[in-house]
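In: model the following, please.
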Amino acid sequence: METIAQRRIYFDNAATTPLNDEVIDAMLPYLTTHFGNPSSVYSYGRETRRAVENARNAVASILGADANEIYFTSGATESTNMAIRAAVSDLRCRRIITSPLEHHATLHTVENLHKKKNIELEFVKILPNGHIDIDDLENLLTSSFKKTLVTLMHANNEIGNITDISIVGKLCKQCNAIFYSDTVQTVGHFPFKLHAMPVDFVNGAAHKFHGPKGVGIIYINRRNTIDPFVHGGSQEKNMRAGTENIYGIVGFAKALELATKNYEADRTYITDLKKYMIQQLTANIKEISFNGDIKGCSLYTVLSVNFPKTPQSEMILVNLDDNNICVSGGSACTPSAKGSHVIAALKPSGDCVTVRFSFSKHNTKQEADVVIEKLKALI
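Out: Below is the predicted model of the structure:
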């Protein structure tokens, strides 16, 4: 019989999560018998159209939004591009404020607009604990009369820090700025009431909370009118042309329903596991440190750990993989050879090797114990 030490241990859930069995069951009919094009007028099309709209209504209800504010996309990166580019092209923002710790979906988009469209680009200062400097953000917002987009993520995907988007949103409202928050790490892991939150756009991706890959959402607050991002058809209320990913959309809604239903139990369980991992790392591995505000405003699923740079630790990701342990050095969307821009911003000296552990409800303390023993042997 296979022991836990012989099994593959997956501690990279911030990159993606395994599909929930109930999500698979919900999707299967739309991979088999319910195959109609939802734009078709006959029965096959009508049944898939109902599935799309039922999913939209379910997602909107869970997130505290109206159904006509939720649009399905191919994922969080498309949603990010859609929000940022619409703020510039349709909402007339001529200036963008962001942070150096954002996901590359944001950073590459704003840098492109800065270079190609001459959009002014400014970066808010980062505090030593990885949080944005709210005072500096307020200074930036009040320093110019240009229409401004503020784009700041809700929870950082590498270090887990949570930004108070209510505070940021209120500052934006006072300064007549547009606010987009990348919520890809918190949708499905955090309760939302969007109508009570001062945001213009947020996003989400099903594969971050045990749903399918290749499907996401964008929330567009009803006060904002923007043009279609993809042209060529009337799908998604004329906002995104192309035949809908029916089974992905159904899977998104089901995964979000399950995540919301089990939120308190899952959060409590994963938080306890993260605390256990911190305790065991501190007790067993010398000279480590942690990135971000791990004892304060931090996402319960993510733990970023610095190991002193040595010949052994520089090979840590490869060696852990050789021992059937899946972790990352940062975002899964960043080539490992380039390293993490988030850690580089926080640790410019480069005198450490960083590993991101990210947990789900499927992980156990027994798995954590195996990882600790392997780390002791490797380092």
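In: okay, now residue 82: neighbour count?
Out: Residues lying near residue 82 (other Cβ atoms under 10 Å) number 25. From N, CA and C alone the C-beta is placed, and that goes for glycine too.
In: let me know the secondary structure of it.
Out: helix (DSSP: H, G, I helix; E, B strand; the rest coil).
In: model confidence at the nearest residue to it once chain neighbours are set aside, what's the number?
Out: Nearest in space to residue 82, with sequence neighbours left out and distances taken as Cβ to Cβ, 6 or more residues apart in numbering, is residue 229 at 4.4 Å. As predicted, residue 229 sits at a pLDDT of 93.
In: okay, now residue 229: neighbour count?
Out: Residue 229: 20 neighbours (other Cβ under 10 Å).
In: isn't it right next to residue 236, touching?
Out: No - judged on Cβ atoms under 8 Å, residue 229 makes no contact with residue 236 at a distance of 9.2 Å.
In: returning to that earlier point: so who does the residue nearest to residue 82 touch?
Out: 78, 81, 82, 85, 86, 239, 240 (Cβ atoms under 8 Å, 6 or more residues apart in numbering).
In: residue 175: which of those is nearest?
Out: residue 86 (19.2 Å; Cβ to Cβ).
In: redo the contacts of residue 229 as JSON lines? Include secondary structure.
Out: As requested, the contacts of residue 229 are arranged in JSON lines below (three-state DSSP):
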{"residue": "78", "secondary structure": "helix"}
{"residue": "81", "secondary structure": "helix"}
{"residue": "82", "secondary structure": "helix"}
{"residue": "85", "secondary structure": "helix"}
{"residue": "86", "secondary structure": "helix"}
{"residue": "239", "secondary structure": "coil"}
{"residue": "240", "secondary structure": "strand"}
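In: which one of those sits closest to residue 109?
Out: Residue 109 lies nearest to residue 81 out of the contacts of residue 229, by Cβ to Cβ, at 5.5 Å.
In: could you find the closest non-adjacent residue to that closest one?
Out: Excluding the flanking residues, the one nearest residue 81 by Cβ to Cβ, 6+ apart is residue 109, at 5.5 Å.
In: report the mean confidence score over stretch 158-165.
Out: On average, stretch 158-165 scores 98.
In: give me the contact list for that stretch.
Out: So stretch 158-165 is contacted by 14, 101, 129-132, 152-155, 179, 181, 186, 197-199, 291-294, 297-299, 301-304, 330-331, 340, 342-343, 346, 356 (Cβ under 8 Å, 6+ apart).
In: of the residues you listed, which belong to strands?
Out: Among these, the members falling in strands (DSSP state E) are 179, 181, 291, 302, 303, 304, 356.
In: neighbour-wise, give me the winner out of these.
Out: Using other Cβ under 10 Å as the neighbour criterion, residue 304 leads the ones in strands among the contacts of stretch 158-165 with 29 neighbours.
In: what sits against that residue?
Out: 158, 159, 160, 290, 291, 292, 343, 354, 355, 356, 357.
In: tell me what it is bridged to.
Out: residue 291, residue 356 (DSSP bridges).
In: now it: how far from residue 228?
Out: Taking Cβ to Cβ, to the nearest Å as the measure, residue 304 falls 38 Å from residue 228.
In: under the pLDDT cut-off, which ranges of the stretch 201-350 of the chain? List them.
Out: 331-338 (pLDDT under 70).
In: which residues does the residue nearest the centre of the chain contact?
Out: In the chain, the residue lying closest to the centroid (Cα atoms, centre = their mean) is residue 184, at 2.5 Å. Counting by Cβ under 8 Å, 6+ apart, residue 184 makes contact with 76, 103, 153, 157, 203, 204, 205, 208, 216.
In: one more time with 6 Å, if that's ok
Out: Counting by Cβ atoms under 6 Å, 6 or more residues apart in numbering, residue 184 makes contact with 76, 203, 205, 208.
In: again with residue 233
Out: When contacts are counted by Cβ under 6 Å, 6+ apart, residue 233 touches residue 241.
In: excluding its backbone neighbours, what's nearest residue 193?
Out: In space, residue 193 is closest to residue 64, 3.6 Å off (Cβ to Cβ, 6+ apart).
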